[in-house]
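Visitor: what follows is a predicted structure for the sequence shown.
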Amino acid sequence: MKRPGFITALFPALLLWPLASVASEWDVPAEPGALAHVLAQAEDGDVLKLAPGRHSGAVVIDKALTLEGNGAAVIDGLGEGSVISVTVPGVVVRGLTIEGSGSSHQTIDSGVTLGKKATGAIVENNRLIGNLYGVNIHGAKDSLVANNFIEGRRDHRVNDRGNGVYVWNAPGARVEGNDVRWGRDGIFVNTSKKNSFKNNQFRELRFAVHYMHADDSEVIGNVSIGNDLGYAVMFSKRVRIIGNISIGDADHGVMLNYANSSEVRGNLVRDGGNRCTFLYNAHKNLISGNRFERCATGIHFTAGSERNEISGNAFIGNRTQVKYVGSRWVDWSANGLGNYWSDFAAYDINGDGIADTPYRPNDSMDHILWTQPAAKLLLGAPAVQLVRWSQSAFPALLPGGVYDSRPMMQPVEIEIPALGDSS
């Protein structure tokens, strides 16, 4: 007898509950003050559809709503602060052109700022044009910045510009499929962890990806073209740098600086002005399956980088394949597999794909030239040629350094993916 009474009492609440949970859609006209007026009235879960045209910023989103522009709406920050600031979880910013941030580095003026409470925010399919910073992920855990076109400022020197995407203390943040150019760094991450940067494209920047104190993260499938430096991992541990492309980056394609226990695998670095890869005080890293091609130096080790496993790579057409100064021999092969060296006249009698003699990239004259560049004037002297011949004929005379006991006969092949249109 209690059951019908319970249902009768519950029935009005069941009728009201779906009505209360239905989100509203708001059409926002491109008129002065309209966006701020609708934001003040909207509730959690609402969708704001911005009409084509220009809408005035800066705006603060303090409700879990969706802001949509369908590719035709512009939000202009009018040169003050961040254009859009998100202060609550669950916000989506989609399909907008966002421009006109302020110019203060102190307040990190950005196209979009995701604050500490903006957990799970989504910023996707937008055009962020001419802002000091593109997207500032400032503590927003598990946020996503995807498929945006981010074009930075050019009215400052490169070091005075902001970053395309800045990640600070935002565990779980993902930056995927973005096209970034004309800022300082494409992605700069500082004091964060467990971040993922995938399939982005970077042009005309200082660094494509710049890591500082960012452990347990990954940089996968990105493309860096014509930047000062491609992928710089500094003061970080357990970072996976996999399947990236660096073409024509001026200083280094991949740099590990105080970076330990990380994985550099399947990357292509080509036509670098200086070094394809540079390791400075970097230890216990795996460097495998990469192709380092047509750089001034293929790979440069310094400042005591030790216990790194280097095998399965291809060193092709670099003016200096390896620059490594050391008093002991270091074998660059692992599990029966070494590396491919384009300047090695190797032979393979048994056809197992491994050369029958080891490869030694450097001799004592290389070491002298690195420490005393003026000695280049003596390169053609008969005495120098005699020393080099003696060391090639009698390897025991060599002073130590890198050798490869199992050189590969064929190089690893890495295709360049189709590049997006940066416009």
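Guide: It's in.
Visitor: for Leu39, helix, strand, or coil?
Guide: Look at Leu39: counting by DSSP: H, G, I helix; E, B strand; the rest coil, its state is helix.
Visitor: measure Val269 to Val239 for me?
Guide: Taking Cβ to Cβ, to the nearest Å as the measure, Val269 falls 17 Å from Val239. C-betas here are computed from N, CA, C, even on glycine.
Visitor: okay, the two: which has more neighbours?
Guide: Counted by other Cβ atoms under 10 Å, Val269 and Val239 do not tie: Val269 has more neighbours, with 30 against 25.
Visitor: surely that one meets Gly248?
Guide: No. Using Cβ atoms under 8 Å, Val269 is not in contact with Gly248; the gap is 9.9 Å.
Visitor: output stretch 222-235 as CSV - backbone C-alpha positions only.
Guide: Taking C-alpha atoms only, stretch 222-235 is exported to CSV below (Å, rounded to 0.1, in the frame of the first residue of the first chain):
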residue,chain,number,x,y,z
ASN,A,222,55.0,16.7,-34.6
VAL,A,223,56.6,18.6,-37.5
SER,A,224,59.1,21.5,-37.0
ILE,A,225,60.2,23.4,-40.1
GLY,A,226,62.7,26.3,-40.2
ASN,A,227,62.8,27.1,-36.5
ASP,A,228,65.9,28.0,-34.5
LEU,A,229,65.6,24.7,-32.6
GLY,A,230,63.2,21.8,-33.0
TYR,A,231,62.6,19.8,-29.8
ALA,A,232,64.4,20.9,-26.6
VAL,A,233,63.9,18.7,-23.5
MET,A,234,65.6,20.3,-20.4
PHE,A,235,65.7,19.3,-16.8
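Visitor: going by neighbour count, list what's buried in that stretch.
Guide: By neighbour count on 16 or more other Cβ atoms under 10 Å, the buried set for stretch 222-235 is 222-234.
Visitor: do stretch 115-124 as well
Guide: So for stretch 115-124, counting by 16+ other Cβ under 10 Å, buried means 115, 118-124.
Visitor: so which of those is the closest to Pro89?
Guide: Ranked by distance to Pro89 (Cβ to Cβ), those are led by Thr119 at 4.2 Å.
Visitor: list the contacts of that closest one.
Guide: By Cβ atoms under 8 Å, 6 or more residues apart in numbering, Thr119 lies in contact with 89-90, 140-143.
Visitor: kindly report the same for Gly317.
Guide: 293-294, 342.
Visitor: reformat those as JSON lines; add pLDDT, distance to Gly102 and neighbour count.
Guide: Listed next are these as JSON lines, based on pLDDT from 0 to 100; distance: Cβ to Cβ, whole Å; neighbours: other Cβ atoms under 10 Å:
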{"residue": "Glu293", "pLDDT": "97", "distance to Gly102": "43", "neighbour count": "22"}
{"residue": "Arg294", "pLDDT": "97", "distance to Gly102": "42", "neighbour count": "16"}
{"residue": "Ser342", "pLDDT": "95", "distance to Gly102": "51", "neighbour count": "14"}
